[in-house]
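[1] no letters, just coordinates:
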């Protein structure tokens, strides 16, 4: 769309300056006035200022606002502020609105020229002025007081939203001082940041050193704890090996006693078996078969056999029986042996319990030693941690004291620097006041000269407007005289040609054109120059009107006899008027 607007401005409007950026070109408002002046809608374009200053912008947009309001283009302070700030698209939208309004005005004027009575009579090209546009578009005349009030309100609001020129001059004059203040502020900020970074680096280094020391101590402590655990594990392993050896020795001794008792029992068994075999052998020698011989019954007085060895078996049995211990003695000895075995078993159980008790006691002692060692290690860790924290707190306290001294020094230096800045500001203010007084005197003289020049310009403009008004009145009177003369000549020609008065319809149309300050189709030329006329284009309507005129019907019908005298009297009165 921007390219289309540029083409319209260059080709249709006739703007000659380059339009690389619409926002920058239309920021001062001068180009808007040029566009409106080229469209014959800005009569005071000579008072526009082609500068991008606050006064020039206020002057240009204040003069532009009433013209755009008459065209129907809304222009408020918000839109003007956006155009001055060169916001993207605002100037293009305003130019497009102007283009649409101008196109609509041209279309309305052209339509009026082609559809009204003026179209059948005039052949002169008419430029779209504000007066014609308002007349064609049916707009009523805006009171001058209301227009001036609206213009004053727009100018006052625009001045309130625009930066005052004095403030711009003051800012331009104090720019170097502001830049110096910003430079000093940035320098102080950089120094503060550098000192803060240095302090943070120092704290990070100290923290890394403390952490390294703490990690070294912790590793050393961990190594000592691991060595103690290893030594304790070795001692416990040795003690467990000694206990295993003692248990093996006790078990070996118990097994040896058991084997000895088993051997003794086996020897006794073998001895008993050997005595039985010897006894049976003796019986065989005496002639008694141990297996097949019938049992001897010595109770019926049978005769006992005679031994072959010279010994009596009965005597031998009795001697053997006598040699055997008595039953109660055997029972007593058996009871003594059983009690001895029970006592030995009880003694072994007691010794086993004692070994278990000693083993449990040893384990409890080892567990207590481990707990004591762990408690000592924890206590040593706590003491070392407290000592490290105490050293760190001491270092932190020393650092805080150093920082406090540094802050006091910085505060003193800042007070001195603020005093220097205050003195410098007072000196700068005095110099600025002196310079401002000189500049005020110069501006006062310049303003006085400008005021005198503007007063002279206003007076010259007033005289010029008076001359223009006189010229306009003279021209209007001449135009009116020519129009009346043309109307009179037309009426005379018509009466001479038809020997009748001019029809009332035609006469009213011609008089209406004179009242509306529009040219008559047959008006006499004001100069002797030849006016080039367009070729006459005869339409069907013209042919029908001509046929009505020849036949004397329709609007050209002759009047009735009773009304003839009244019409002649009316026509004479109108001609005299």
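    That came through, no problem. This is a predicted model, so every value here is computed, not measured.

[2] ok, residue 73 touching residue 94?
    Yes - using Cβ atoms under 8 Å, residue 73 is in contact with residue 94, at 7.4 Å. (C-beta placed from N, C-alpha, C; glycine too.)

[3] break this protein into its domains for me.
    Per the record, the chain has its domains at 2-162, 481-576, by automatic domain parsing.

[4] quick one: residue 181 and residue 436, what's the gap?
    Distance, residue 181 to residue 436, using Cβ to Cβ, to the nearest Å: 19 Å.

[5] same check, this time on residue 424
    Per Cβ to Cβ, residue 424 is found 18 Å from residue 436.

[6] so what's the residue count around residue 79?
    19 (other Cβ atoms under 10 Å).

[7] ignore the last one, residue 64
    By the criterion of other Cβ under 10 Å, residue 64 has 24 neighbours.

[8] use 28 as the first number from now on
    Right, with 28 as the first residue, what we last looked at is residue 91.

[9] shouldn't it be in contact with residue 69?
    Yes - with contact defined as Cβ under 8 Å, residue 91 reaches residue 69; the gap is 7.5 Å.

[10] which neighbours do the two have in common?
    60, 63 (Cβ atoms under 8 Å, 6 or more residues apart in numbering).

[11] what is the strand or helix carrying residue 256 packed up against?
    Per DSSP states H and E, residue 256 falls inside helix 202-312. Counting contacts by 3 or more Cβ pairs under 8 Å, 6 or more residues apart in numbering; DSSP states H and E, helix 202-312 packs against helix 340-350, helix 354-525.

[12] okay if I get these as CSV plus mean neighbour count?
    Formatted as CSV, the helices and strands packed on helix 202-312 follow (neighbours: other Cβ atoms under 10 Å):
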stretch, mean neighbour count
helix 340-350, 11
helix 354-525, 11
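
[13] mind checking which of these is nearest residue 218?
    If you check each of the helices and strands packed on helix 202-312 against residue 218 by Cβ to Cβ, helix 354-525 wins as the nearest, at 10.0 Å.

[14] how far off centre is the closest one?
    When distances are taken as Cα atoms, centre = their mean, to the nearest Å, helix 354-525 is centred 16 Å away from the chain's centroid.

[15] let me know the next secondary structure element after that helix.
    helix 531-542.

[16] measure residue 305 to residue 294 for me?
    According to Cβ to Cβ, residue 305 stands 16 Å off from residue 294.

[17] make that residue 485, sorry
    Residue 485 is 164 Å from residue 294, by Cβ to Cβ.

[18] residue 524 now?
    192 Å.

[19] how much space separates residue 276 from residue 376?
    From residue 276 over to residue 376 the distance is 18 Å, taken as Cβ to Cβ.

[20] actually residue 453, sorry about that
    Using Cβ to Cβ, residue 453 is found at 111 Å from residue 376.

[21] same question for residue 536.
    Residue 536 is 156 Å from residue 376, by Cβ to Cβ.

[22] what does residue 535 give?
    157 Å.

[23] over to residue 403?
    Distance from residue 403 to residue 376, by Cβ to Cβ: 40 Å.

[24] ditto for residue 469
    Distance of residue 469 to residue 376, computed by Cβ to Cβ: 130 Å.

[25] likewise for residue 472?
    135 Å.

[26] just residue 277 next, same as before
    Taking Cβ to Cβ, one finds residue 277 at 13 Å from residue 376.

[27] again, but for residue 237
    According to Cβ to Cβ, residue 237 stands 63 Å off from residue 376.

[28] can you check residue 310 too?
    Counting by Cβ to Cβ - residue 310 and residue 376 are separated by 49 Å.

[29] and what of residue 264?
    Distance, residue 264 to residue 376, using Cβ to Cβ: 29 Å.

[30] now do residue 59
    Separation of residue 59 from residue 376 (Cβ to Cβ) stands at 125 Å.

[31] and for residue 83?
    As judged by Cβ to Cβ, residue 83 and residue 376 stand 126 Å apart.

[32] quick one: low-confidence ranges for the stretch 328-477 of the chain?
    328-340, 351-352 (pLDDT under 70).

[33] I meant the chain, not that one.
    For the chain, applying pLDDT under 70 flags the ranges 133-196, 312-340, 351-352, 547-565, 582, 586-604.

[34] count of neighbours near the residue nearest to residue 118 when sequence neighbours are not counted?
    Once flanking residues are discounted, residue 118 sits nearest to residue 53: 4.2 Å by Cβ to Cβ, 6 or more residues apart in numbering. For residue 53, the neighbour count with other Cβ under 10 Å is 21.

[35] again with residue 307
    13.

[36] of all the helices and strands packed on helix 202-312, which one is nearest residue 73?
    Per Cβ to Cβ, nearest to residue 73 of the helices and strands packed on helix 202-312: helix 354-525, 9.8 Å.

[37] who touches stretch 456-464?
    200-201.

[38] hang on, I meant stretch 379-386
    So stretch 379-386 is in contact with 270, 274, going by Cβ under 8 Å, 6+ apart.

[39] surely residue 86 and residue 76 touch.
    Yes - with contact defined as Cβ under 8 Å, residue 86 counts as touching residue 76 (5.6 Å).

[40] between these two, which one's more packed in?
    Between residue 86 and residue 76, counting by other Cβ under 10 Å, residue 86 is the more crowded of the two (20 against 17).

[41] so who does the more buried one touch?
    74-76.

[42] what's the end-to-end length of stretch 60-80?
    16 Å (Cα to Cα, to the nearest Å).

[43] any buried residues in it, and which?
    Within stretch 60-80, the residues that count as buried by 16 or more other Cβ atoms under 10 Å are 60-64, 66, 68-69, 72, 75-76.

[44] inside helices: which ones of the residues you listed?
    Counting by DSSP state H, the buried residues of stretch 60-80 place 60-64 in helices.

[45] got CSV for these, with distance to residue 354 too?
    Formatted as CSV, these follow (distance: Cβ to Cβ, whole Å):
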residue, distance to residue 354
60, 160
61, 161
62, 159
63, 161
64, 165
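
[46] burial count for residue 233?
    Residue 233 sits with 14 neighbouring residues when counted by other Cβ under 10 Å.

[47] quick check, it in contact with residue 422.
    Yes - applying Cβ under 8 Å as the test, residue 233 and residue 422 come out as touching, 7.0 Å apart.
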